[in-house]
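A.B. asks: have a look; sequence and predicted model below, questions after that.
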Amino acid sequence: RKEVEQDPGPFNVPEGATVAFNCTYSNSASQSFFWYRQDCRKEPKLLMSVYSSGNEDGRFTAQLNRASQYISLLIRDSKLSDSATYLCVVKGAGNMLTFGGGTRLMVKP
Amino acid sequence: NAGVTQTPKFRILKIGQSMTLQCTQDMNHNYMYWYRQDPGMGLKLIYYSVGAGITDKGEVPNGYNVSRSTTEDFPLRLELAAPSQTSVYFCASSSPGSYNEQFFGPGTRLTVL
């Protein structure tokens, strides 16, 4: 079983749609959680951290369920510029990050 | 403030050749990392460093070496290039802390033929 698993997609949605991605992780000792965004042929960039109580940043909402070991990302009112690959990332001890394979989102006009 | 810079951007190597991928950061971060990303896959950690003079293996260290003589620089060495090392290589840096962001360089695309 992979340490961090994501549905690779692609998710094809129209502009304005709401889309949700889930991610599961296997290590119950994982300490912190993130969503990174990666545009085609570019480096990953931090989209948002994921806190136990859930958190929101504009159109983006992240949730963490430690008991079930999954993380979610909700994007409301999708924009064309949201088209990218979204990487679920889990941090264990020692500042080490483990990346999921990514979920590809394509927002169509 | 340039962040994390990597050179070269692209490189084609023949099997058995050697090369060094350069990485420099100007954010005074203690932690630095090297990852590889194969097509359609997530990033895998090759080596990391928690400070000058200290390095440690990540998940996929075979075929690579690193050094960390200064806070700013963290070069990655490929000694005998193999086709399996064809990948995109990303360097990253961060401060310590659970929620501190890792900042990535633009990547080096390496092809071994």
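C.D. replies: That came through fine.
A.B. asks: please, where are all the helices along chain B?
C.D. replies: Secondary structure of chain B by DSSP state H: no helices are present.
A.B. asks: where in it is pLDDT low?
C.D. replies: When residues are selected by pLDDT under 70, those of chain B lie in B:98.
A.B. asks: up against chain A, what does it have?
C.D. replies: Proximity of chain B to chain A (CB under 8 Å from any CB of the partner chain) is limited to residues B:31, B:33, B:35, B:40-45, B:48, B:50, B:58, B:90, B:94, B:96-102, B:104-107. All C-beta spots, glycine's among them, are computed from the backbone N, C-alpha and C.
A.B. asks: for the residue nearest the centre of chain B, give the beta-bridge partners.
C.D. replies: The centroid of chain B falls nearest to B:Trp34 when counting by CA atoms, centre = their mean (2.9 Å). Note on B:Trp34: beta-bridge partners B:Tyr47, B:Cys91, judged by DSSP bridges.
A.B. asks: quick one: residues contacting the closest residue to A:Ala17 other than its chain neighbours.
C.D. replies: Taking CB to CB, 6 or more residues apart in numbering or on different chains, and ignoring the residues beside it in sequence, A:Ala17 has A:Ser78 as its nearest neighbour in space, at 5.0 Å. When contacts are counted by CB atoms under 8 Å, 6 or more residues apart in numbering or on different chains, A:Ser78 is found next to A:13-19, A:105, A:107.
A.B. asks: try it again at 7 Å.
C.D. replies: By CB atoms under 7 Å, 6 or more residues apart in numbering or on different chains, the contact list for A:Ser78 reads A:13, A:15-17, A:19, A:107.
A.B. asks: can you tell me which of those residues is nearest A:Val89?
C.D. replies: A:Val19 (18.9 Å; CB to CB).
A.B. asks: please enumerate the strands of chain B.
C.D. replies: For chain B, strands defined by DSSP state E occupy the ranges B:4-7, B:10-13, B:19-25, B:31-37, B:43-51, B:54-57, B:64-66, B:76-78, B:87-94, B:103-104, B:108-112.
A.B. asks: mind putting the ones you listed into JSON lines with distance to A:Lys2?
C.D. replies: JSON lines is the format used below for these (distance: least, CB to CB, whole Å):
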{"stretch": "strand B:4-7", "distance to A:Lys2": "27"}
{"stretch": "strand B:10-13", "distance to A:Lys2": "29"}
{"stretch": "strand B:19-25", "distance to A:Lys2": "26"}
{"stretch": "strand B:31-37", "distance to A:Lys2": "15"}
{"stretch": "strand B:43-51", "distance to A:Lys2": "11"}
{"stretch": "strand B:54-57", "distance to A:Lys2": "20"}
{"stretch": "strand B:64-66", "distance to A:Lys2": "22"}
{"stretch": "strand B:76-78", "distance to A:Lys2": "25"}
{"stretch": "strand B:87-94", "distance to A:Lys2": "18"}
{"stretch": "strand B:103-104", "distance to A:Lys2": "21"}
{"stretch": "strand B:108-112", "distance to A:Lys2": "24"}
